[in-house]
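# With the sequence up front, the predicted model follows.
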Amino acid sequence: MLTMDLRKGTAWASLMFGGPEAYSIRARNFRAVVREDAAVMSFELKPCSDNERSDARKLGRHKLTRVAIQSEQIARELARFRDHSLAQGVSRRLEIVHKDVRYKFRAEFDVGEYESVIHVQAA
């Protein structure tokens with residue numbers, strides 16, 4: 001089992017729910033792990049304002065379609081993780097933790113030089 005800390009500190013996660021709007025929420029503890037059946041990228045939402053808390057609540061009510069994370073460090077480490085997981089031939093998932101609830105999604109990782117985009121797939 002491969003485990004990687006993509007970033008221990010905070011970064012902004014922009015959540016998109018099918019429309020053109022992106023809801024930026026502070027997040028932390030970006031991790032990646034390859035398990036027997038899946039490669040999982042996870043992070044924890046830590047909203048720091050009433051606006052962000054309101055946006056985070058959308059996660060349980062609306063269909064998440066994309067997550068963008070602007071961090072060169074996360075992009076670099078996620079690219080390594082993605083390449084390793086592709087070689088393992090396992091499916092990929094995204095897990096987002098908010099208020100002790102773990103939301104799980106099938107996903108594909110698209111990594112650029114400074115930004116990571118996670119495309120959430122229909123279940």
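Everything's here; your move. Numbering: from 1, shown residues only.

# which of the residues in the helix or strand of the chain with the lowest mean pLDDT are buried?
Counting by mean pLDDT, DSSP states H and E, the chain has its least confident helix or strand at helix 72-88, which shows a mean of 83. Of the residues in helix 72-88, those with enough neighbours to count as buried (16 or more other C-beta atoms under 10 Å) are Ile74, Ala75, Glu77, Leu78, Ala79, Phe81, Arg82, Ser85. Quick note: C-beta positions are derived from backbone N, CA and C, even for glycine.

# which residues are in contact with it?
For helix 72-88, contacts defined as C-beta atoms under 8 Å, 6 or more residues apart in numbering pick out 2, 4-7, 11, 30, 32, 34, 39, 41, 69, 92, 109, 111-116.

# run the last query once more with 6 Å
Helix 72-88 is contacted by residues Met4, Leu6, Arg7, Phe30, Ala32, Val34, Ala39, Phe109, Val111, Tyr114, Ser116 when judged by C-beta atoms under 6 Å, 6 or more residues apart in numbering.

# Would you mind writing the ChimeraX command to select the buried ones in those?
To isolate the buried ones among the contacts of helix 72-88 in ChimeraX, judged by 16+ other C-beta under 10 Å, type:
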select :6,7,30,32,34,39,109,111,116
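
# Which two among the contacts of helix 72-88 are spaced furthest apart?
Val34 and Tyr114 (24.3 Å; C-beta to C-beta).

# Can you tell me the strand partners of the helix or strand hosting Phe105 and which way each runs?
Secondary structure assignment for Phe105, by DSSP states H and E: strand 101-111. If you go by DSSP bridges, strand 101-111 pairs up with strand 91-98 (antiparallel), strand 115-121 (antiparallel).

# Thanks a lot, catch you later.
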